[in-house]
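this one's structure only:
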């Protein structure tokens, strides 16, 4: 299947779930990444049950924050 | 490696106004642009909401982050950095800034408003091991 990951078209085997995609994409600090699929945010507890489908558009967003101290 | 960040003066002015308007709280935003070798050029800045509404912390609104990312992609560029203000402290990454810098590929800009009439903007790289390097900002 063909999916779009972070703006790039990529080929992946059918039926992979979101954690597998994150692993294959070698996302650093994955525990601090928010994911959208087709513009919808995916709740972290639903990552394992989320199956990537042909044509999906996946984006990874790092939490961005900080402090003055 | 000597990274240079090119920033339009008009974008700096927008950033400064956003951060001053946000006082006494910290303000934040994203930078979109291009990367060619060691030169990073900012083509657009996004003024985001600090959902912490605090003068010592900031967190970006993920929905606004995503909207900025989509807009950047639509314009053929990438998110290449972020910025936030330090209302009462110098322009350098705090321990919390370093700890929460999860993306080693982007620029981290800090605008200090510690001295009201002398704002100081600096750009930093923060790697996976939390080593900080200061990068030159060229105003264009």
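Sure thing, it's come through. Here the structure is a predicted model, which is why all the values come from computation and not from measurement.

ok, which stretches of the chain are helices?
Picking chain A for this. A:18-24 (DSSP state H).

Oops, wrong one, chain B.
In chain B, the segments counted as helices under DSSP H are B:9-21, B:62-74, B:95-99.

I'd like those helices laid out as JSON lines, including mean neighbour count.
No exception for glycine: its C-beta is placed from N, CA and C like everyone else's. Formatted as JSON lines, the helices of chain B follow (neighbours: other CB atoms under 10 Å in any protein chain shown):
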{"stretch": "helix B:9-21", "mean neighbour count": "16"}
{"stretch": "helix B:62-74", "mean neighbour count": "17"}
{"stretch": "helix B:95-99", "mean neighbour count": "16"}
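
if I look at residue B:27, how far off is residue B:43?
Applying CB to CB, to the nearest Å, the value for residue B:27 to residue B:43 is 21 Å.

oh, I was asking about residue B:116
30 Å.

Please identify which of the two sits among more neighbours.
Neighbours of residue B:116 and residue B:43, each counted by other CB atoms under 10 Å in any protein chain shown, are more numerous for residue B:43; the result is 17 against 9.

What residues does chain B have near chain A?
For chain B, the contact set with chain A under CB under 8 Å from any CB of the partner chain comprises B:26, B:28, B:30, B:52, B:54-60, B:62-63, B:65-66, B:69-70, B:73, B:78, B:82, B:84, B:86-89, B:93-97, B:100-104, B:128.

Right, I'll leave it there.
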